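**Student:** Requesting a structural model of the entry that follows:
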Amino acid sequence: MNASGSESSKGGQAKKKAKSDQGAQNRGGRKGTDPNDLIEAALQDGLTEDKSEIDGDPVRKALSDTTKPRYNQLMKIWEAYVAKFEVSDPFDTRTMKHFTKTV
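**Tutor:** Numbers count the residues shown, from 1 in each chain. Okay, the predicted model is just below:
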């Protein structure tokens, strides 16, 4: 506490941060959680080890208006790259690294 009887701003902020971090852990947050404990908790909460019920389709959300111009520009570069280097697998690590060097 300072002379006015209230907590100093740094001390108060540290306590709020600690309380916030603890709350995130209680809500199943990942911060500060052991990865093995996280997986075990998910299994206890109903996660099954069987992945056959999950489809392989990607989940996409719409791009924001501010992202669209840059995305479209990079897609044009990607299409030119694919044509030049005859890419057959865009998920090949060497292809990804080579494309990254291009841009």
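
**Student:** Give me the phi and psi for residue 49.
**Tutor:** phi -80, psi -20 (degrees, to the nearest 10).

**Student:** Need phi/psi at the residue lying closest to it once chain neighbours are set aside.
**Tutor:** Of all residues not flanking residue 49 in the chain, residue 43 sits nearest, at 7.4 Å (CB to CB, 6 or more residues apart in numbering). The C-beta positions use only the backbone N, C-alpha and C, and glycine is treated the same way. Dihedral pair for residue 43: phi -60, psi -40, per degrees, to the nearest 10.

**Student:** pLDDT score for residue 43?
**Tutor:** Confidence at residue 43, expressed as pLDDT, is 90.

**Student:** so how far is residue 62 from residue 36?
**Tutor:** 36 Å (CB to CB, to the nearest Å).

**Student:** what residues go with each domain of the chain?
**Tutor:** The chain breaks down into these domains under automatic domain parsing: 9-44, 68-102.

**Student:** Now the weakest link among these, please, by mean pLDDT.
**Tutor:** Looking at these, the weakest mean confidence is domain 9-44, a mean of 64.

**Student:** ok, and for the helix or strand containing residue 70, which residues are buried?
**Tutor:** Assessed by DSSP states H and E, residue 70 sits inside helix 68-85. Within helix 68-85, the residues scored as buried using 16 or more other CB atoms under 10 Å are residue 81.

**Student:** Just give the nearest non-adjacent residue to residue 82, would you?
**Tutor:** Using CB to CB, 6+ apart, the closest residue to residue 82 is residue 90 (7.6 Å).
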